[in-house]
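Chemist: Sequence and predicted structure, then a few things I'm wondering about:
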Amino acid sequence: MGQGVGIVSLYVRDHDEAVQFYVERVGFRVHTDIRNGAYRWVTVQHPEQPSLQLQLEVPGAPVLDDASAAAARELLAKGGMPGLVLHVDDCRAQVERMRAAGVEITQEPVDRFGNVDAGFRDPSGNGWKVIQQGRGR
């Protein structure tokens with residue numbers, strides 16, 4: 001059995017909206033979607049990285065009390081959560097594919113430090129970088 005990080009959590013405002021976005025617009029696939037009463041555990045993963053799952057977590061019980069959940073939702077709405085990075089083979093092509101799917105592109109592809117990088121935001125306000133390593137022109 002391998003060791004390392006297996007799941008990274010990402011706060012989202014709505015499970016269904018987030019699943020639709022990450023599957024239909026970014027190209028991930030659903031790994032797990034189960035319920036336990038009002039609690040829902042949802043993970044998605046990149047098809048080429050099956051060892052890592054991205055948990056789509058709506059802030060609330062049982063992980064956070066009401067006040068903490070409200071603070072997390074407020075920070076999320078302001079786009080204040082830490083950003084994530086998606087490595088791709090072709091940044092420009094990935095950005096065009098996502099733009100055609102309706103993704104909000106926040107930074108056009110730019111050559112920087114020998115890489116090509118761009119930015120996008122999910123419907124919950126989470127910021128992402130799209131990075132093509134070692135391909136700057």
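Modeler: Arrived safely.

Chemist: So what sits opposite residue 121 in the bridge?
Modeler: residue 104, residue 127 (DSSP bridges).

Chemist: and the gap between it and residue 60?
Modeler: Distance from residue 121 to residue 60, counting by CB to CB, to the nearest Å: 22 Å. Glycine gets a C-beta too; all of them are placed from N, C-alpha and C.

Chemist: and if you look at residue 42?
Modeler: Taking CB to CB, one finds residue 42 at 13 Å from residue 60.

Chemist: Can you name the residues that contact residue 24?
Modeler: residue 101 (CB atoms under 8 Å, 6 or more residues apart in numbering).

Chemist: pLDDT wise, what is it at?
Modeler: With respect to pLDDT, residue 24 has a value of 96.

Chemist: Surely it is in a helix?
Modeler: Yes - assessed by DSSP: H, G, I helix; E, B strand; the rest coil, residue 24 belongs to a helix.

Chemist: Contacts for the lengthiest helix in the chain, please.
Modeler: Of all the segments assigned as helix in the chain under DSSP state H, the longest by residue count is helix 66-77. For helix 66-77, the surrounding residues in contact (CB under 8 Å, 6+ apart) are 11-13, 59-61, 64, 81, 124-126.
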